[in-house]
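Asker: Dropping a prediction and its sequence here:
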Amino acid sequence: QVQLVESGGGLVQAGGSLRLACAASGGTFSRYAMGWFRQAPGKEREFVTGISWSGGSSYYADLVKGRFTISRDNAKNTVYLQMNSMKPEDTAVYYCAASSYNYRQSGRYDYWGQGTQVTVSS
């Protein structure tokens, strides 16, 4: 079973950038597809982006396409989320997740981190 710990959240001004990291332990990291989800207050959790086990394929929600980039370093057991041109509507708790199945299937993520708060001020 894999454990996930996010870091890098914080406060940023609109138009700014932030990079989240998610460190995995307790499993073979390279066997898992990885993803990032977010949940804003009063809203449902939404699937932001996912990346295949090799890092060769990725998916982005339309709301973040062109602004966010997911990447992974299997040697460091870490997945990253680079967020650029941030908007106030990006404010949410961001969760890292791992899937034994497919990076595109939001309902098939098995393991979750505790989340990290990201706040974008206008």
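Answerer: All right, it came through fine.

Asker: Can you give me the distance of the residue positioned nearest the centre of the chain to residue 76?
Answerer: Centroid check for the chain by Cα atoms, centre = their mean gives residue 36 as the closest residue, at 2.4 Å. Between residue 36 and residue 76 the distance, using Cβ to Cβ, to the nearest Å, works out to 17 Å. Using the backbone N, CA and C atoms, a C-beta is placed for each residue, glycine as well.

Asker: does residue 6 sit in a helix, a strand or a coil?
Answerer: Secondary structure state of residue 6, per DSSP: H, G, I helix; E, B strand; the rest coil, is strand.

Asker: Specify the beta-bridge partners of residue 79.
Answerer: residue 22, residue 72 (DSSP bridges).

Asker: So that it lines up with my notes, have the first residue be 511 from now on.
Answerer: Right, with 511 as the first residue, what we last looked at is residue 589.

Asker: List the residues that contact it.
Answerer: Counting by Cβ atoms under 8 Å, 6 or more residues apart in numbering, residue 589 touches 531, 532, 534, 544, 546, 561, 580, 581, 582, 583, 606.

Asker: Please export the alpha-carbon coordinates of the helix or strand hosting the last one; PDB is fine.
Answerer: Element membership of residue 606, judged by DSSP states H and E, is strand 602-609. Taking Å, rounded to 0.1, in the frame of the first residue of the first chain, the C-alpha atoms of strand 602-609 are listed here in PDB:
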ATOM      1  CA  ALA A 602      -8.700  24.700  -3.300                       C
ATOM      2  CA  VAL A 603      -7.200  21.900  -1.300                       C
ATOM      3  CA  TYR A 604      -5.100  19.900  -3.700                       C
ATOM      4  CA  TYR A 605      -4.800  16.100  -3.300                       C
ATOM      5  CA  CYS A 606      -2.300  13.700  -4.800                       C
ATOM      6  CA  ALA A 607      -3.600  10.300  -5.700                       C
ATOM      7  CA  ALA A 608      -2.300   7.000  -7.000                       C
ATOM      8  CA  SER A 609      -4.100   4.500  -9.300                       C
END
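
Asker: What's the mean pLDDT across that strand?
Answerer: For strand 602-609, mean pLDDT rounds to 98.
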